[in-house]
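Visitor: please find the sequence and the predicted model below.
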Amino acid sequence: MVDLSIVVLAYRSEEYLKGFAVQIIDELSSESLQYELVIVANYDSAQDKTPQIAEEIARQYQQVRCLTQEKLGKMGWDMRMGLDACNGKVLLVIDGDGQMPSSDIMNVYQALVHGKYDLVKTFRAIRMDGWWRRLMSKGYNRLFHMLYPMAKGIQDVNSKPKALTKEAYNRLNLTSNDWFTDSEIMIQALAHKMRICEIGTTFYKNERRASFVKVSTAFEFLFNLLHYRFIK
């Protein structure tokens, strides 16, 4: 079992993926820990080059594995696939689009290990992603706190990277296939009274493509949150 498993959600990252993966490898090369990089490069279009790029990286670096299946779900499905494939004592998930710096990986990992937490995540202290995303995130976090008062003190439910011990992950029962998975992790972690810590990060604007988070995503978030709270 390795010390740290890093899941990179690389949907449609294409050419950017290699630079981001190599940056992670370079940063971790100076650290005295065993790690694996699990690149989730599932696809829903034959034109998406990400799976081929991920496989090329895996051939080049022995600590890299990749998952390249045709998609049967959205982000949550990818995340669950990646986390389930991990062999580490600590599991960490980060988006592969570079909006959250790769340096967050060791910051979150060190906080979890030295602070003896069950789960450590970031909150987006500085945001450069535009007023719509900031407004939607602020409103969502307020609603989350209204529905789950036990989340008092959690500043940013959906922020990554998120790291948790293997034991903590095994206590969760994640079922969401879409954008709700980040919230599902937090709801279940709070219900299990896990020790949680948040550290600040900078969230950069994605200069390469438009955000996958659309107006319809806001309604999806709202529906899932209400459904999970009152029906499930």
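Guide: Yes, it's here.

Visitor: may I see the buried residues of the helix or strand hosting Ala168?
Guide: Using DSSP states H and E, Ala168 maps to helix 166-171. Buried residues in helix 166-171, counted by 16 or more other Cβ atoms under 10 Å: 168-169. Using the backbone N, CA and C atoms, a C-beta is placed for each residue, glycine as well.

Visitor: for stretch 57-68, buried residues please.
Guide: 57-58, 63-68.

Visitor: tell me the secondary structure at Ile185.
Guide: When classified by DSSP: H, G, I helix; E, B strand; the rest coil, Ile185 comes out as helix.

Visitor: how far away is it from Asn158?
Guide: Distance, Ile185 to Asn158, by Cβ to Cβ, to the nearest Å: 10 Å.

Visitor: likewise Asn141?
Guide: 8 Å.

Visitor: when these two are compared, which one has more neighbours?
Guide: Counted by other Cβ atoms under 10 Å, Asn141 and Asn158 do not tie: Asn158 has more neighbours, with 22 against 19.

Visitor: residue ranges in this protein under the pLDDT threshold?
Guide: Counting by pLDDT under 70, the chain has low-confidence residues at 207-218, 232.

Visitor: hmm, 90 instead?
Guide: Along the chain, segments meeting pLDDT under 90 span 1, 97-99, 127-137, 139, 152, 178-179, 203-232.

Visitor: could I get the full set of strands for it?
Guide: Using DSSP state E, the strands of the chain run over 2-9, 35-40, 64-67, 88-95, 119-127, 162-165, 196-203.

Visitor: could you dump those strands into JSON lines with distance to Gln110 added?
Guide: As requested, those are exported to JSON lines (distance: least, Cβ to Cβ, whole Å):
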{"stretch": "strand 2-9", "distance to Gln110": "10"}
{"stretch": "strand 35-40", "distance to Gln110": "13"}
{"stretch": "strand 64-67", "distance to Gln110": "22"}
{"stretch": "strand 88-95", "distance to Gln110": "10"}
{"stretch": "strand 119-127", "distance to Gln110": "9"}
{"stretch": "strand 162-165", "distance to Gln110": "10"}
{"stretch": "strand 196-203", "distance to Gln110": "10"}
